[in-house]
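**Student:** prediction below, plus the sequence it came from.
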Amino acid sequence: MTTTLAPATGLRPRAATATESARARWGRRFQHGGWFVAPFFVLYGLFVVVPVVRGLYLSLTDANISGDHTRFIGLDNYREALQDHLVWNSLWHSVQFTLYVVPCIVVVALLMALIAHHITHLKWLWRLCFFAPFLLPSAVVGNLWWWLFQPTNGMVNHVLGIDTPWLTQKSTAMIAVVVATLWWTVGFSFLLYLAALQNIPHHLYEAAELDGANAFQRMLHITVPNLRNITGLVLALQVLASLQVFDQAVVMYQFGPGPEESTRTFVQYTLEQGFTSYRVGYASAISFILFLIIAAVALGRMWLLRLREEDAR
Amino acid sequence: MTTADPTPAPRKARSTWTPGQIALTAVAAALSLVWMAPLAWALSTSLKTPTESVTSPHWIPQHLTAASWKSVIEAGNIPNWFVNSLVVSVCVTFVVLLVAALAGYGFARTEFRGKSALMALTMAGLMFSPAILGVPLFATVQSLGMVDTYWGMILPQCAPAAMVYILYKFFQSLPRELEEAAFIDGAGRWRIFFTIVLPLSKPSLSAVGIFTFIASWNNFLWPYMVTNNPDLMTMPNGIATVQNSFGIIWPQLMAGGLIAGLPLIVVFVFFQSQIVRGVAHTGLAGQ
Amino acid sequence: MARPGLNRRQLLSAVGGLTVAGSLGFAALGTGADALASGASTRVRYWNLFTGGDGANMVAMVDAFRKEHPGIAVKDSTLTWGDPYYTKLAMAAAGNRAPDLSVMHQGRVPGFAPGRLLDPWDMNLLTKYGVREADFNPVLWKRGIVDGKLYALPLDIHVQLSFYRTDVCRKAGLLDADGRLPTANSTDDWFAMLKEAKKQLKGGQQTLGLHAFDQNFSWWFFVAFYQQLGGGYFDDERTDVTFDTDKATQVLEFLHQHVADGYTIVGQADGEAFLAGSPFVWEGNWSVPYFSGEKVGYGAQPLPPVFGTPATHAESHSFVLPHQADRGGPANEGAHLLAAYMVKHATAWAGGGHVPAYLPTFQDPAYLKLTPQNEYSRPAMEHPATEPRIWFAGSTGTLAKRIGPVVASSNVGSAKPEAAARRMKSVLEELLAMRNPMDGRTAAQELKGTAA
């Protein structure tokens, strides 16, 4: 099965041959395409649009989880959020996590992809080994690394021959989450890189080889430039996902904030406010802080892409 | 960009064990060893007795026992959660495929009033996730009376703007000629969609389906928020929030984790190239 | 892989189709697989948070109940102690999908919106099943009453204990003629004991397991010693913080000294270290079955009264009825019956180290024979140190979550005790000014009964 799977190119096979009249009839007859998108928008409306609007409303109230006694309190929640040091503290943890984990993922994923691409023996085995952890549920990953990082009985200390209390001291708590995450999610970025490597036209390498370029030069002048786009994509996807980190951190620390509150992530704080302290209104308000950041990252990337497209033109 | 072909890129035939290849294989083996070690440790722990698991760490169990596996399967909720996970992921995958294919096609090939506005709305949806929207989403689902129901778990996972976008791009890239020919032969829009377009889109659909299934099977956050009844929990959720009454017994925790994690890994071994292509394709579509 | 043959492909799509159809049907039914399998007439859904020895005891008690009442199917679920449990309980009650019966720490009741997330006990039913106020520890019973109605039916008091290994302490010459550890009545006494015990240890072993980094334990130990010094938290009107930072500093310095002087190694698995030969550990009484199962000679006392007055941290497990809009009927009666059965069969529960709330248990010879329960239960029950009774307090509640990390940071040495004490006071001030999200009132307004 080697069907083309590449819809993401800019090349659109515009059929210039089709007659204009057929094109016009085609367009006219299908005015009622709205029905095609209707099922999606029912779900989308109910579970994306309504919650956003409702969240905006709730953020202006002191709503609690039981839904009664709700009063409109204007911008009080936002005012409180700006002064709540735990908001900034937990936001910093999410950012810190992102700063640690994303470069690790990019480097390791690229390394793995280069290996898996150039190796000739047992390709499937390496791919399986690198990718398999990605298929585990986050809760399993959390429990697993909780166990692996145990100071006296855990694998990590056993293998390294040390007795670091990884999960109980501030200085290593976040690193433990980063290690677990790298192990778990690197497979996804690895596959993206691998696919990108396989998409580099082979004739480029052949031409370079004829010109006498050695392996290192070919890597530097062909592989690296051709991976620019994919690196941008990996970076964007990982930054967006990492800022929303929650699962593995809470499972590794049994839903607690980690030693000296050093691993409480922003999403965790939101849910603590909403579901543990029952402050649905306040939780909604701080959710929008994260949303603004995520939106800024996403829009920033779109802007960069557009800039680059214009450059290329 | 051509195809993400799983077979090696056409290289010149030469002796396969060059020094470079030997070195590369050594590095790959070392890295794989590191990557597999945690799973091996989990397996080894799960085969130890609870007492042995907390005595000085070692790889090979002294007394191999499947007792933890047995008690996890017999006593715990795990078989129950397994069924729940399967029900939820299958339903999510099915609904997502149906809804996203329809919408993607609608956007790619049909005209209707407000199309560009709806397209923009869909694009905006790419920025929301249950991690961000969790609390208001819960409030909404709560007022729909769907807390602690399958539908409460399933439906909110069924509006993925990203999948619509991916399929939209795909349908746009399909040549129009086939559809136009069928249209001239008198086929209706829906018939064209189901008999011509869908069969042509199998690779893309299976990519989206595989990706959705993995994501849903492993989804922790949303089921965690919306299910409280342990009978209804999915595998990841149950493992994290419901405890064995007898406390943390590492071998059982690891056995449970492996039971939750192995099905997808086994499926992966058998359908490796499809899954690799599915994941890579879905991810790459974000470009 | 090879292109699948046509037959295999057909088989696959048939299986796929069936799975999809089955799943959709299952989802439409809307119940878990387990509910389909159960056929008993009355089904009581009962949630608890007991794991370890407690979990085993609870399972045994529920099994005994099942034997006596075969018509009632008890579906018990154990959720992870702490946040997951209370979050899920509140959400289930708010979403009107609550279990029929559940366990709750008594300290959490004021914050759990009695009347909204909790339903009151039906006293007629309780009387019918043999539960009388006179049989209970009066302090505990009264704490379960809100606005004249009983919301929390007490099961036990559980306390923080100082466990000691008799073998090590004997070698160190610390035990008295009865083989028990004498009480340390001052910090000097206490550290002198630790010093003697430490001489018996190999390098790398800690003398006292203190859970120094754990925010819950840190806070519980603080509560105990702060009460020994007679410190308070709030005035009676709940308008002012009366937290005494000098006394708090004294407590924090005492706790930190264990780490500073090398008696406690931060990050050791304290319970396991105790079993491996470490002479002392401060733990909840729930560790009794764990330690007893390991054939280690040990004793247990309330936390040492190093500041003069005895007091050790105490909380209480109680039974509550999570709010159900249509509470009543056989499931509700079954919940009352089950709770009544369990509070009255407290001897079995006391095996888990807890001090029973049901007083007739103290006449049960089987209970009096339990060791080390007979060493600590009376003194612990008589000198409990509890968190202030206010909406944000209680086991793993907002107070513990906010203030516990401050104590822990002082314990491990990353904050100076004076600074930590000041920080604790400001946390208390913030919380006192905060409105209870459930009714939009501050603690003071709640006390006066004023509207929000």
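**Tutor:** Looks like it arrived, so ask away.

**Student:** for chain A, what lies in contact range of chain C?
**Tutor:** Contact residues (CB under 8 Å from any CB of the partner chain) of chain A with chain C: A:1, A:62, A:64-69, A:71, A:150-152, A:165, A:168-170, A:254-257, A:259-261, A:272, A:275-282. C-beta coordinates here come from the backbone N, C-alpha and C atoms, glycine included.

**Student:** after the helix or strand of chain A with the lowest mean pLDDT comes which helix or strand?
**Tutor:** Each helix and strand of chain A was given a mean pLDDT (mean pLDDT, DSSP states H and E); the minimum falls on helix A:20-29 at a mean of 57. Downstream of helix A:20-29, the first helix or strand assigned by DSSP states H and E is helix A:34-44.

**Student:** buried sites along the next helix or strand after that next one?
**Tutor:** Per DSSP H and E, the first helix or strand lying C-terminal to helix A:34-44 is helix A:50-58. Neighbour counts over helix A:50-58 (16 or more other CB atoms under 10 Å in any protein chain shown) mark A:50-52, A:54-55, A:57-58 as buried.

**Student:** before we move on, the earlier item: from the residues of chain A next to chain C, which would you call buried?
**Tutor:** Buried subset of the residues of chain A next to chain C (neighbour count, 16+ other CB under 10 Å): A:62, A:64-66, A:69, A:150-152, A:165, A:168-170, A:254-257, A:259-261, A:272, A:275-282.

**Student:** quick one: secondary structure of C:G299?
**Tutor:** Here C:G299 is recorded as strand under DSSP: H, G, I helix; E, B strand; the rest coil.

**Student:** what about it, how many residues close to it?
**Tutor:** Here the number of neighbours of C:G299 (other CB atoms under 10 Å in any protein chain shown) works out to 20.

**Student:** that one pairs with what?
**Tutor:** When assigned by DSSP bridges, C:G299 has beta-bridge partners C:Y164.

**Student:** so for stretch C:257-276, what gets flagged as buried?
**Tutor:** Buried, per 16+ other CB under 10 Å, within stretch C:257-276: C:257-259, C:263-275.

**Student:** also stretch C:409-422?
**Tutor:** Within stretch C:409-422, the residues that count as buried by 16+ other CB under 10 Å are C:409-412, C:415, C:417, C:420-422.

**Student:** quick one: which of those is nearest chain A?
**Tutor:** The nearest member of those to chain A, counting by CB to the nearest CB, is C:S409 at 5.0 Å.

**Student:** would you agree that closest one is in contact with C:A419?
**Tutor:** No. Using CB atoms under 8 Å, C:S409 is not in contact with C:A419; the gap is 9.3 Å.

**Student:** distance-wise, check the closest residue to chain C within the stretch 1-150 of chain A relative to B:F171.
**Tutor:** Nearest residue of the stretch 1-150 of chain A to chain C, counting by CB to the nearest CB: A:N64, 4.1 Å away. Applying CB to CB, to the nearest Å, the value for A:N64 to B:F171 is 46 Å.

**Student:** now for C:M193: which residues touch it?
**Tutor:** By CB atoms under 8 Å, 6 or more residues apart in numbering or on different chains, the contact set of C:M193 is C:174, C:181, C:184.

**Student:** please redo it, this time with the cut-off set to 10 Å
**Tutor:** By CB atoms under 10 Å, 6 or more residues apart in numbering or on different chains, the contact list for C:M193 reads C:164, C:169, C:172, C:174, C:181-182, C:184, C:207-208, C:279-280, C:304.

**Student:** list phi and psi for it.
**Tutor:** Backbone geometry at C:M193, expressed as degrees, to the nearest 10, gives phi -60, psi -50.

**Student:** report the separation between it and C:P279.
**Tutor:** 9 Å.

**Student:** what parts of the stretch 101-250 of chain B come near chain C?
**Tutor:** Residues of the stretch 101-250 of chain B found near chain C (CB under 10 Å from any CB of the partner chain) are B:138-139, B:141-143, B:145-155, B:224-233, B:237, B:240-249.

**Student:** name only those of those that count as buried.
**Tutor:** Buried by 16+ other CB under 10 Å: B:138-139, B:141-142, B:146-155, B:224-233, B:237, B:240-249, out of these.

**Student:** near chain A, from those residues?
**Tutor:** B:138-139, B:141-142, B:155, B:224-225, B:237, B:240-241, B:248.

**Student:** and the strands in the stretch 351-452 of chain C?
**Tutor:** C:355-356, C:384-385, C:435-436, C:441-442 (DSSP state E, counting those that start in this stretch).

**Student:** kindly report the same for the stretch 201-350 of chain C.
**Tutor:** Using DSSP E, counting those that start in this stretch, strands in the stretch 201-350 of chain C cover C:208-209, C:280-284, C:298-302, C:312-315, C:317-322.

**Student:** what about the residue of the stretch 1-150 of chain B found nearest chain A, distance to B:G186?
**Tutor:** Nearest residue of the stretch 1-150 of chain B to chain A: B:T110, at 2.1 Å (CB to the nearest CB). Distance from B:T110 to B:G186, counting by CB to CB: 18 Å.

**Student:** just C:M438 next, same as before
**Tutor:** In terms of CB to CB, C:M438 sits 65 Å off from B:G186.
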